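Asks: Sequence and predicted structure below; questions after.
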Amino acid sequence: MLEVLHSLLFSTLDAAPALVFAALGAVLSERAGVVDVGVEGMMRAGAFCAAVAALAMPTPLAVLVGMGAGAGMAAIHGWLCIRWRSDQVVSGMALNLVALAGGTFLLESLFGPNGTPPITQLSRWDIPGLASVPVLGALSGHAAPTYLALLLPFLFQGLLTRTPLGLRLRAVGDKPHAVATLGLSVPALRWGAVVGGGLLAGLGGAVLSTAVLDRFEQHTPAGLGFMALAAMVFGRWTPVGAFLAALFFAFGNALRIGLASSAPHLMDLVPQGVLLALPYLMTLVLLGLQGQRSSAPAALGVPFEQESR
Amino acid sequence: MGERARQALPSVLSVLLALVLCWIAIAMTRDVDTATRAYLQMFWGGVGNWPAFLDGGPVSALTRPLGEAAMKAALLTLTGLSVAVAFKVGLFNIGAQGQMILGALAAAVVGAQLNVPAVFHIPAALAAAALAGGLWAGIAATLRIRRGVHEVISTIMLNWVAVSLVDNWLVIGPLKAVAQGQQSSITGTAEILSSAQLPRLLGDLSRLNLGFPLALAAAVGVDLWLKRLRVGFETRAVGLGPDAARTAGIPVAWRTGQAMVLAGAMAGLAGAVLVLGTEGRYPGTLGAPYGFDGIAIALIGNNNPLGLTVAALVFGVLRAGGTRMQLLGVHKSFPELIQGLALLFVAGRLIWLAVLRRRPRAVVAPAAPVVEVPRA
């Protein structure tokens, strides 16, 4: 029983960081009032660029390249949405489509359909003394992003709720005109949040191709970006909330895989497809019970114009 | 420039710019000649191989490609309508894919199990598909209206549930086709009866079937509904401002639910057209993510039923012809890339308008939002 718990926890912590980073990126962008449906495309760009870069340089550096790629995609989004006040949903979906088709094209023309060649994975850290403790030992033996993912949400929460910068970021998503009245630049704050969100989404993608897998595959990130959006909404646009929701999704996934491997006789009773659907059904039921009255930032998706009120 | 042209022009120019950029991309990775020939292949593959026909080729050199393009366009139109109808009431329907899966499954089951004449069989299968898609969207609508659950998250979840339950369980389990002799390797559900097959409009000349006129009729129907009927007007009013609509005595929750169910029905019909028109059964998976393509089509078409139909026709041609590019070793994902880039340029609608106005730095956003897209 303990062993099952241990392996469940371990695979949850292995799979969660990508989702956590992407969800945090979405929270950052949307709290500043810019819709972030393009997070899937940013993740894909990050995953692809990190995997390609890792062929030529040490993997940790390649992760940075991946983050840069995510930020580059986010910059397109920012330019369209902030500078040109474009529709943020259209721009985000366009990024997703471009990343999907462009990634497929580049992958196949550079490496062939089966994905990039294998790369050196990020090294895993063993925490001395912890590995032998039952259950808690699952905390040991992960790559660096896992530990960052456990820490970052709380830093973010502090940043958003306890610092002047956080206050401004939240204000720019709720009442941008009030922020402008104070003589602060709404576009600058939004640019920061969008590009920061892109860096985080790129990191999430890079984690997928350098820590979870050891290559970029055709289907990476396979809808994980949309799951990150769901985690953000589920977590009511708060960093810690999104973090817990992301952990929940990752746990649901680990539970399914864990059940399939540890209790094969169960598979005769419950079909695989039903198990697959379980985390999503659970989410729907939980959301239905919890209710989700609007907690979105008030000015989310509304382009800012200095002259209007 | 008329208002309608001003609305449509950015989309047209965006598609053209995307075409040019992708041509340059091919020319750079291969060479100019290959790029041009690939585009010709794509074009002839979509609108008919006129050179071959004029050289004395069979008439099928025209009808076959056109039929393929029409088939793709029918699917894109229906999923595009699904997304657009939801947008009109202020909802972002990411779930067209899931609704389409349910519709396709319902059509496949009714098509295979019911044994009645074609006059009743086809409508029954279509109705079952629309109902299944509508019910699936209805779950998201109910959660939204009753519990305030954001439709983006619920439709994403419903997509995954649909894929998991249908593709990973029903189709390979309870509903799997019973193997008959040689055909033991068949994936998917049992084949539909011939009475449920959508009739081919040109016989053996092309795969063009009833699905295409059906999709066009649906687009016209939705357009009339939105613009001519009081219900449609109220639906748009809810999308533009729920509070104002409520003040005006419009039943906001009821209209929202109706529109979402209609959106689901459209996506469900897309599934039916795929199954009854071309596949003949629910295949192992639906193949291309038509539901997500619908989002792009709806947005490029400016959420206008007729505009998105035009967008669907254009991309139906590119999609149908795109596979022919592979003959030249050019990757088949280019039509998708063109679609994505076109959407990206459509997102820069205001840039287009600023450029077209030819007044430097005179960009003032119009008083009303140009695209009626709600925030997600």
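Replies: Happy to help now that I have it. Residues are numbered from 1 along each chain as shown, chains lettered A, B, ... in the order given.
Asks: Around chain B, which positions in the stretch 1-150 of chain A sit nearby?
Replies: Taking C-beta under 8 Å from any C-beta of the partner chain as the criterion, the stretch 1-150 of chain A approaches chain B at residues A:35, A:37, A:76, A:80, A:84-102, A:104-105, A:108-109. In this view, the C-beta of every residue, glycine as well, is placed from N, C-alpha and C.
Asks: Tell me the buried residues within the residues you listed.
Replies: A:35, A:37, A:76, A:80, A:84-102, A:104-105, A:108 (16 or more other C-beta atoms under 10 Å in any protein chain shown).
Asks: Out of these, which sit inside helices?
Replies: The helices, defined by DSSP state H, take in A:76, A:88-102, A:104-105, A:108 from those.
Asks: next one: phi and psi at residue B:209?
Replies: When read as degrees, to the nearest 10, the backbone of residue B:209 gives phi -130, psi -180.
Asks: try residue A:142
Replies: The phi/psi pair for residue A:142 (degrees, to the nearest 10) is phi -110, psi 170.
Asks: distance of residue A:148 from chain B?
Replies: The spacing between residue A:148 and chain B, counted by C-beta to the nearest C-beta, to the nearest Å, is 26 Å.
Asks: Return the nearest residue of the stretch 1-150 of chain A with respect to chain B.
Replies: Residue nearest to chain B within the stretch 1-150 of chain A: residue A:97 (3.1 Å; C-beta to the nearest C-beta).
Asks: sec struct for residue A:33, please.
Replies: coil (DSSP: H, G, I helix; E, B strand; the rest coil).
Asks: circling back to that earlier point, once you drop chain neighbours, what's closest to the residue of the stretch 1-150 of chain A closest to chain B?
Replies: Distance criterion C-beta to C-beta, 6 or more residues apart in numbering or on different chains; nearest residue to residue A:97, sequence neighbours excluded, is residue B:340 at 3.1 Å.
Asks: How many residues are close by the one you found?
Replies: Neighbourhood size, residue B:340 [other C-beta atoms under 10 Å in any protein chain shown]: 25.
Asks: Quick one: mean pLDDT for the helix or strand containing it?
Replies: Per DSSP states H and E, residue B:340 falls inside helix B:334-347. Helix B:334-347 shows a mean pLDDT of 90.
Asks: ok, back up a step: so what's the residue nearest to residue A:97 up against?
Replies: By C-beta atoms under 8 Å, 6 or more residues apart in numbering or on different chains, the contact set of residue B:340 is A:94, A:96, A:97, A:98, A:99, A:100, A:101, A:102, B:18, B:296.
Asks: on that earlier part again, mind saving the C-alpha coords of the helix holding residue B:340 as PDB?
Replies: Only the C-alpha atoms of helix B:334-347 are listed here, as PDB (Å, rounded to 0.1, in the frame of the first residue of the first chain):
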ATOM      1  CA  PHE B 334       1.200  23.400 -45.200                       C
ATOM      2  CA  PRO B 335      -2.500  23.900 -45.500                       C
ATOM      3  CA  GLU B 336      -2.800  23.900 -41.700                       C
ATOM      4  CA  LEU B 337       0.100  26.300 -41.500                       C
ATOM      5  CA  ILE B 338      -1.600  28.600 -44.000                       C
ATOM      6  CA  GLN B 339      -4.700  28.400 -41.900                       C
ATOM      7  CA  GLY B 340      -2.800  29.300 -38.800                       C
ATOM      8  CA  LEU B 341      -1.000  32.200 -40.300                       C
ATOM      9  CA  ALA B 342      -4.200  33.500 -41.900                       C
ATOM     10  CA  LEU B 343      -5.800  33.500 -38.500                       C
ATOM     11  CA  LEU B 344      -2.700  35.300 -37.000                       C
ATOM     12  CA  PHE B 345      -3.000  38.000 -39.600                       C
ATOM     13  CA  VAL B 346      -6.800  38.200 -39.100                       C
ATOM     14  CA  ALA B 347      -5.900  38.900 -35.500                       C
END
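Asks: Does the next helix or strand after that helix reach chain A?
Replies: Per DSSP H and E, the first helix or strand lying C-terminal to helix B:334-347 is helix B:349-357. Yes - counting by C-beta under 8 Å from any C-beta, chain A has neighbours in helix B:349-357: B:349, B:350, B:351.
Asks: Helix B:349-357 - contacts with which helices or strands?
Replies: Packing partners of helix B:349-357 (3 or more C-beta pairs under 8 Å, 6 or more residues apart in numbering or on different chains; DSSP states H and E): helix B:3-29.
Asks: Pull out the buried residues from the helix it packs on.
Replies: Going by neighbour count (16+ other C-beta under 10 Å), the buried part of helix B:3-29 is B:7-8, B:10-15, B:17-19, B:22-23, B:25-27.
Asks: Tell me the one of those residues nearest chain A?
Replies: Once C-beta to the nearest C-beta is applied, the member of these that ends up nearest chain A is residue B:25, at 8.1 Å.
Asks: quick one, phi/psi of the closest residue to chain A within the stretch 51-200 of chain B?
Replies: Among the residues of the stretch 51-200 of chain B, residue B:169 lies nearest to chain A; the distance is 2.6 Å by C-beta to the nearest C-beta. For residue B:169, the backbone dihedrals (degrees, to the nearest 10) come out as phi -140, psi -70.
Asks: Now do the contacts for it.
Replies: A:271, A:272, A:273, A:274, A:276 are the contacts of residue B:169 under C-beta under 8 Å, 6+ apart.
Asks: The last one: helix or strand, and which one exactly?
Replies: Read it as residue A:276. Going by DSSP H and E, residue A:276 is in helix A:272-290.
Asks: So that helix, near chain B or not?
Replies: Yes - judged by C-beta under 8 Å from any C-beta, helix A:272-290 comes into contact with chain B at A:272-274, A:276-277, A:280-281, A:283-284, A:287-290.
Asks: Now which of these would you call buried?
Replies: Buried positions within these, assessed by neighbour count (16+ other C-beta under 10 Å), are A:272, A:273, A:274, A:276, A:277, A:280, A:281, A:283, A:284, A:287, A:288.
Asks: Quick check, the first one in contact with residue B:167.
Replies: Which is residue A:272. No - in this structure residue A:272 lies outside contact range of residue B:167 using C-beta atoms under 8 Å: 10.7 Å.
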